[in-house]
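Student: model the structure of this input:
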Amino acid sequence: MYEPPHPLPLAPVAALMRALARGDNDLLSLLPASAYRVPIGYLGYTRRSIVVVNDPILVREVLLDEERIFPKNDLMVDALAPLVGDSIFVSSGDTWHRQRTMVDGGFSHMRLGRAFASMMASVAECTANFAELAASGSEFSLDLAMSHLTADIVCRTVFSTSLASATAREVFDAFTLFERSVAQVEFRRLIFAPAFRPVAQRPDVLGACQRIRSHLAALLGTHLHDPGQFDDIASAMMTARDPASGRAFTEEELIDQLGVFFLAGHETTASALTWAFYILAQLPDTVARLRSEVAEVTGGGAVEFGHLKELKLTRSIFKEVLRLYPPITFLPRVAMRPTTLGGLRLPRGAMVMIAPWTIHRHAALWSDAHVFDPDRFLGEREAGHVAGAYLPFGIGPRVCVGASFAQSEATLILAELLRRFDFLVSNPDVVRPVARLTTRPATQIAVRVLPRAR
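Tutor: Reported below is the predicted structural model:
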């Protein structure tokens, strides 16, 4: 059984000392062993109270939030607002309901069958680039390669342009700076700061946000005069209407929502794919099974849209990667008034941490929870999972609008790249995960690719 890297669960004080010693504000290092065992419990002593919630019934209560007690956490909203404004990713209440209705209508316009051609074009360019890297024997960053590939797919499906354009490339570079440098939950603020204190961002992060938004505005500008000439997400969002008022998104609101598509549409999938290729580089037998499935389904040719649902093992591999390394590590909420949850009394301002990371590795919910086992998502084993114990895309009305897109995209990428290349990780033993905007390696993973060994 293969157990990919994860922080060793420690007692609370030992976990705190480890996190402080590393000095990178990695919340995974801060999680005590109890966070992987309790249904609900406090995470040490803090001024504002922090509660981790693992019980699927309580998780559903918080995320459905029928009484509107638990909106998105104030720290996350403050961190993301300079980039995505009051968009669907951070909004709450009536604003969110209006936005979600309009976004769903616009996004459904881009059926997967339409987007598949854009995915294939991006994968073809990536394949050609990897062939050159294989011929030269060059080492490269797996993280950046996956970010570039998924960002290119998002560019093609949102704006009908590839990442090769100068504007799209600058957007990608600014997103990279934002993801690496945006003010995250600092330990000192978590422990000592009161709730609802504004989060100050670094000037370079604010500058990156401004550049991203100006570039998105420029890309959007290509559609303003005649959106009907395009068949993409941007044009669909421009023609979306609020069913109650008939009002369209303003230009600023469009930039907010499209910023979310870029943030969620390429960073989350890139994170999961980085882990997928890293793990599979350690498991040649699993790669052989995947290649056998791809060959059987496709007849040895390229993957077509109709093949995706038949690639069951390939999809289960990605599902298991999402379980062990959920792209969004935490889904933080905040109690807007005193309340009770799972028998615990929560004061106003308490941070309620829904953590896919701990839920997916909880001893009561998963057997051999830290072990990579894609077969757990095949057949009867998948049917036997605890309801609500798997939530890489969230649950309820706020489930990720792009979940099907991401799963189809990842299945295609894994199948196409692994049927052609072997991946060699330069220093696999030094890789460890950290929680930033997404669940990323602490340092970039250096790899080489070789033509597939026959």
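
Student: all helices for the stretch 351-454 of the chain, in order.
Tutor: Shown for the stretch 351-454 of the chain, the helices assigned by DSSP state H, counting those that start in this stretch span residues 356-359, 379-383, 403-418.

Student: let me see the mean pLDDT of the first one.
Tutor: Spelled out, that is helix 356-359. Average pLDDT, helix 356-359: 96.

Student: and that helix, how far from the chain's centre?
Tutor: Centre-to-centre, helix 356-359 and its host chain are 14 Å apart (C-alpha atoms, centre = their mean, to the nearest Å).

Student: give me the contacts around that helix.
Tutor: 28, 31, 35-36, 52, 54, 56, 59, 326, 328-331, 365, 389, 391-392, 435, 439 (C-beta atoms under 8 Å, 6 or more residues apart in numbering). C-beta here means a position set from N, CA and C on the backbone, and glycine is covered the same way.

Student: touching, residue 243 and residue 104? I think so.
Tutor: No. Contact between residue 243 and residue 104 fails when scored by C-beta atoms under 8 Å: they sit 10.7 Å apart.

Student: of all the helices of the stretch 351-454 of the chain, which lies closest to residue 156?
Tutor: Residue 156 lies closest to helix 403-418 among the helices of the stretch 351-454 of the chain, at 11.3 Å (C-beta to C-beta).

Student: please identify the buried residues of the host helix or strand of residue 59?
Tutor: Assigned by DSSP states H and E, residue 59 belongs to helix 56-64. For helix 56-64, a neighbour-count test (16 or more other C-beta atoms under 10 Å) marks 56, 58-63 as buried.

Student: could those residues be laid out in a markdown table, adding distance to residue 301 and pLDDT?
Tutor: Below are the buried residues of helix 56-64 laid out as a markdown table (distance: C-beta to C-beta, whole Å; pLDDT from 0 to 100):
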| residue | distance to residue 301 | pLDDT |
| --- | --- | --- |
| 56 | 42 | 96 |
| 58 | 48 | 97 |
| 59 | 43 | 96 |
| 60 | 43 | 95 |
| 61 | 48 | 95 |
| 62 | 46 | 95 |
| 63 | 42 | 92 |
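
Student: the biggest helix by length in the chain: which residues count as buried?
Tutor: Ranked by residue count under DSSP state H, the longest helix found in the chain is helix 112-136. Neighbour counts over helix 112-136 (16+ other C-beta under 10 Å) mark 115-116, 118-120, 122-123, 125-126, 130, 133-134 as buried.

Student: quick one: name whatever helix or strand follows the helix-or-strand element of the chain with minimal mean pLDDT.
Tutor: Scoring the helices and strands of the chain by mean pLDDT, DSSP states H and E places helix 187-192 at the bottom, with a mean of 63. Following helix 187-192 in sequence order, the next helix or strand is helix 203-224 (DSSP H and E).

Student: can you show me the CA trace of that next one as CSV?
Tutor: The C-alpha trace of helix 203-224 is given here as CSV (Å, rounded to 0.1, in the frame of the first residue of the first chain):
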residue,chain,number,x,y,z
PRO,A,203,1.1,46.2,-2.3
ASP,A,204,2.5,43.7,-4.9
VAL,A,205,-0.5,41.5,-4.4
LEU,A,206,-2.9,44.4,-4.8
GLY,A,207,-0.9,45.3,-7.9
ALA,A,208,-1.3,41.8,-9.3
CYS,A,209,-5.0,41.9,-8.7
GLN,A,210,-5.3,45.2,-10.6
ARG,A,211,-3.3,43.8,-13.5
ILE,A,212,-5.5,40.7,-13.6
ARG,A,213,-8.7,42.7,-13.6
SER,A,214,-7.4,45.1,-16.3
HIS,A,215,-6.4,42.2,-18.5
LEU,A,216,-9.8,40.5,-17.9
ALA,A,217,-11.4,43.7,-18.9
ALA,A,218,-9.4,43.8,-22.1
LEU,A,219,-10.3,40.2,-22.9
LEU,A,220,-13.9,41.0,-22.2
GLY,A,221,-13.7,44.0,-24.4
THR,A,222,-13.2,41.8,-27.5
HIS,A,223,-16.8,40.6,-26.9
LEU,A,224,-18.6,43.8,-26.0
